[in-house]
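Peer 1: Give me a 3D structure for the following:
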Amino acid sequence: MNYYNYFTEIEDVFIRRRGKTLLLSPVDWVLIESWKERGVPLHVALRGIESAFDSYESRPRRRSIKTLLYCQEEVEAQFAEWLESQHGAGSATTNGEGGTPERETGLPFPRTVILEHLARCRADFTRAHDGRRATKADELCDALARAAGRLAELEQDFAAAARPDAEKLEASLTQLEDLLDRAMHASASPQELGEARRTAETDVKPYRERMERAAYEQTLNRLLAKTLREHYGVPRLSLFYL
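Peer 2: Predicted coordinates for the structure are as follows:
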């Protein structure tokens, strides 16, 4: 993740969560630069920003968030936890009998299985990006490249952590899926969207009469996203799909 991308990724997420076009102030840029210089990983900074907005939206206030400084405390807290998770990384615990590492606790799957999943998804993103770039350079093409870059950082981080946190990894993967879902909708042609929606409507039609409207719309949107992912060759990232 180069210097320029670090700034633009943070700016993009802040503007999206802010909900209005609002340029970052010079003070905000200095704050981002301080995070970069201190070695705050991009995915940690993004997770902190998302968490700060989630907290704000859970109990809305009259005043809106106008500056990235609002997210500073949460980013700092996330960074402190990340540093703690890295402490002692590389020194595996052994059982004293032949030096075999003890089985890690707190993970839904073995670390190697999760890392293999991340590597497969990253390869799929790269393949989809290269194939799409050959025909058109659009928002989805850019999102696939960004997703592959962020996933590489997450993969490296998870491999090196002394105490890997699957819950935080899942939160970061969910944010990546949201990025890709928005890009697929924005990049799909009216014909592609129409075909995908018709496929989704066909799948949910047998259950429509037994569903509340809100549940129906939610299910339809999820099926629409699923159809678009299959169309564009974009895999599910969530650890639930392991």
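Peer 1: Kindly export stretch 17-24 (C-alpha atoms) in PDB.
Peer 2: Output in PDB follows, covering the C-alpha atoms of stretch 17-24 (Å, rounded to 0.1, in the frame of the first residue of the first chain):
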ATOM      1  CA  ARG A  17     -19.600   7.200   5.900                       C
ATOM      2  CA  ARG A  18     -20.100  11.000   6.200                       C
ATOM      3  CA  GLY A  19     -22.800  10.700   3.600                       C
ATOM      4  CA  LYS A  20     -22.000  14.100   2.100                       C
ATOM      5  CA  THR A  21     -19.200  15.400  -0.100                       C
ATOM      6  CA  LEU A  22     -16.900  17.000   2.400                       C
ATOM      7  CA  LEU A  23     -13.200  17.600   1.700                       C
ATOM      8  CA  LEU A  24     -10.800  16.700   4.400                       C
END
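Peer 1: List the buried residues for that stretch?
Peer 2: Taking 16 or more other CB atoms under 10 Å as the basis for neighbour counts, the residues of stretch 17-24 that come out buried are Arg17, Arg18, Leu24. In this view, the C-beta of every residue, glycine as well, is placed from N, C-alpha and C.
Peer 1: Return the subset of the residues you listed lying in helices.
Peer 2: When DSSP state H is applied, the buried residues of stretch 17-24 are split such that Arg17, Arg18 fall in helices.
Peer 1: from the buried residues of stretch 17-24, which is closest to Glu116?
Peer 2: Each of the buried residues of stretch 17-24 was checked against Glu116 using CB to CB; the closest is Arg17, at 31.7 Å.
Peer 1: In contact with the closest one, which residues?
Peer 2: Arg17 makes contacts with Ile49, Glu50, Phe53, Ile65, as judged by CB atoms under 8 Å, 6 or more residues apart in numbering.
Peer 1: any idea which element the third one lies in?
Peer 2: Okay, so that is Phe53. Secondary-structure assignment from DSSP states H and E places Phe53 in helix 42-58.
Peer 1: Same list (the contacts of Arg17) but as a markdown table, adding pLDDT and distance to Ala200.
Peer 2: Rendered in a markdown table, the data for the contacts of Arg17 read as follows (pLDDT from 0 to 100; distance: CB to CB, whole Å):
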| residue | pLDDT | distance to Ala200 |
| --- | --- | --- |
| Ile49 | 95 | 31 |
| Glu50 | 93 | 27 |
| Phe53 | 93 | 29 |
| Ile65 | 84 | 34 |
